[in-house]
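Participant: from the sequence below, what's the structure:
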Amino acid sequence: MDILDVPATEPQKRFTPKRIIGLTLLILLASVFFFSGYSKLHSNNAFDNFQWTFIDLGFNSQLVAGILARLMIGLEFVLGLFLILHIFLQKFTYKAVIGTLVFFIVYLIFVIIKHGNAGDCGCFGDKLSMSPLNAIIKNVVMIAVTILLMRIYPAKPYKFQDIFIPPITMLGLCIPFIVNVIDMSNAPTPYKKELDITPLYKFTPAPSVDLLHGKHIIVYVSYYCPHCKKAAYLLQIIHRKHPDYPIYMIMAGAPEQEKQFFDESHAIDIPHFYYPHYEEFTKMAGAGTPAIYWINNGKAEFESNYYQLDPKYMEQWLHNGK
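Facilitator: Next comes the predicted model:
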């Protein structure tokens, strides 16, 4: 047969409907990872709430929790970049996406068991509120999309793409550490002033706990104060993990705001006392709330902000005398 009689091979179609749908879904999937990472870094409030989830998971140090939080956010950026740049989609990236989403689902189930489906899961920082159950549904949908992509958009590996892996991975993992620089000093500050907490027992009723003897971490909070709610949120995590830590909250503010305070902070189980005497409260708390004092036999040895409520240092102070 003459060579001219051989039918020519049809050129491979580059943009079939299947490929267009696959590319669209892949871009959307990557965008969710980018937005999730960005929203957690967008503000200190968003990042703090995400960081403290690792304390809730059992990591007994603010420093360790901060490192893990940044690495997890970095992983979201890495996965987004790997998806967009089509780096080993079938061999690695799709599987890594599914594994990461499964981890988030397991954590969210843990949150629902502990706290119910109330509040914001923090998946998108303070940019988009989402309950834990809705976040689970979102992650299941993302897993389904990834499985669909594995079938309709395999995207064969291209030449030299393995060269891009180290710099892209390094870039993605470093972004959270650059945007939100880690604070290496989480130790409480020695308190050099005199603090008189006897007014707590000046009126009736008074705290049922003897705060004048032994070691106690006393936290003065106001119902309306957003930073107090953040401190209480972290304290309830620490209290659940370490119920032996003698944490005690002194509350002030309009009584009708109490429910909202505890709904947002989940701190209802922390021993607390409502103290309605504003003048005395202000003298004890100082310039603002939350005011956190580490009291030893009625004397304030340390003060701290909520970033310095580190279980590691609390353990040392309470049990090792350091």
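Participant: quick one: name whatever helix or strand follows the lengthiest strand in the chain.
Facilitator: In the chain, taking DSSP state E as the definition, the longest strand is strand 215-222. Remark: after strand 215-222, the chain's next helix or strand is helix 226-241, criterion DSSP states H and E.
Participant: for that following helix, which residues meet the burial criterion?
Facilitator: For helix 226-241, the neighbour count (16 or more other CB atoms under 10 Å) marks 228-239 as buried. For glycine as for every other residue, the C-beta is placed from the backbone atoms N, C-alpha and C.
Participant: quick check: pLDDT value at the nearest residue to N297 once chain neighbours are set aside.
Facilitator: Nearest non-adjacent residue to N297, counting by CB to CB, 6 or more residues apart in numbering: H213, 5.8 Å away. Looking at H213, its pLDDT is 94.
Participant: quick thing: my sequence starts at 20, can you match it?
Facilitator: Noted, 20 is the first residue going forward, which turns the last one into H232.
Participant: pairing partners for the longest strand of the chain, with directions?
Facilitator: strand 266-271 (parallel), strand 310-315 (antiparallel) (DSSP bridges).
Participant: where does the chain have low pLDDT?
Facilitator: Applying pLDDT under 70 to the chain picks out residues 20-34, 138, 340-341.
Participant: try it again with 80
Facilitator: 20-34, 62-64, 75-77, 133-134, 137-141, 144-145, 175-177, 202-205, 339-341 (pLDDT under 80).
Participant: quickly list the domain ranges of it.
Facilitator: Split into domains by automatic domain parsing, the chain comes to 32-198, 208-339.
Participant: now for the residue nearest to N316, how many residues are close by?
Facilitator: Using other CB atoms under 10 Å, H232 is surrounded by 11 other residues.
Participant: for the helix or strand that R89 is a member of, which positions count as buried?
Facilitator: If you go by DSSP H and E, R89 is part of helix 81-103. Neighbour-count burial for helix 81-103 flags 81, 84-89, 91-103 (criterion: 16+ other CB under 10 Å).
Participant: with stretch 274-288 instead?
Facilitator: For stretch 274-288, burial by neighbour count (16+ other CB under 10 Å) applies to 280-281, 283-286.
Participant: find the centremost residue of the chain, please.
Facilitator: The centre of the chain sits closest to F69, judged by CA atoms, centre = their mean, with a distance of 0.8 Å.
Participant: need the contact list for the nearest residue to N153 once chain neighbours are set aside.
Facilitator: Spatial nearest neighbour of N153, chain neighbours left out: C140 (7.7 Å); criterion: CB to CB, 6+ apart. For C140, the contacting residues are 127, 130, 149-151, 153-154, by CB atoms under 8 Å, 6 or more residues apart in numbering.
Participant: now with 10 Å?
Facilitator: Going by CB atoms under 10 Å, 6 or more residues apart in numbering, C140 touches 68-69, 72, 123, 126-127, 130-131, 148-155, 157.
Participant: and for V159?
Facilitator: Taking CB under 10 Å, 6+ apart, one finds 120-121, 124 in contact with V159.
Participant: returning to what we had before: which SSE is the residue nearest to the centre of the chain in?
Facilitator: helix 63-75.
Participant: just checking, what packs against that helix?
Facilitator: Judged by 3 or more CB pairs under 10 Å, 6 or more residues apart in numbering; DSSP states H and E, helix 63-75 is in contact with helix 36-60, helix 81-103, helix 113-134, helix 245-260.
Participant: of these, which is nearest P185?
Facilitator: helix 81-103 (11.3 Å; CB to CB).
Participant: the closest one: how far from the chain's middle?
Facilitator: The chain centre lies 12 Å from the centre of helix 81-103; the measure is CA atoms, centre = their mean, to the nearest Å.
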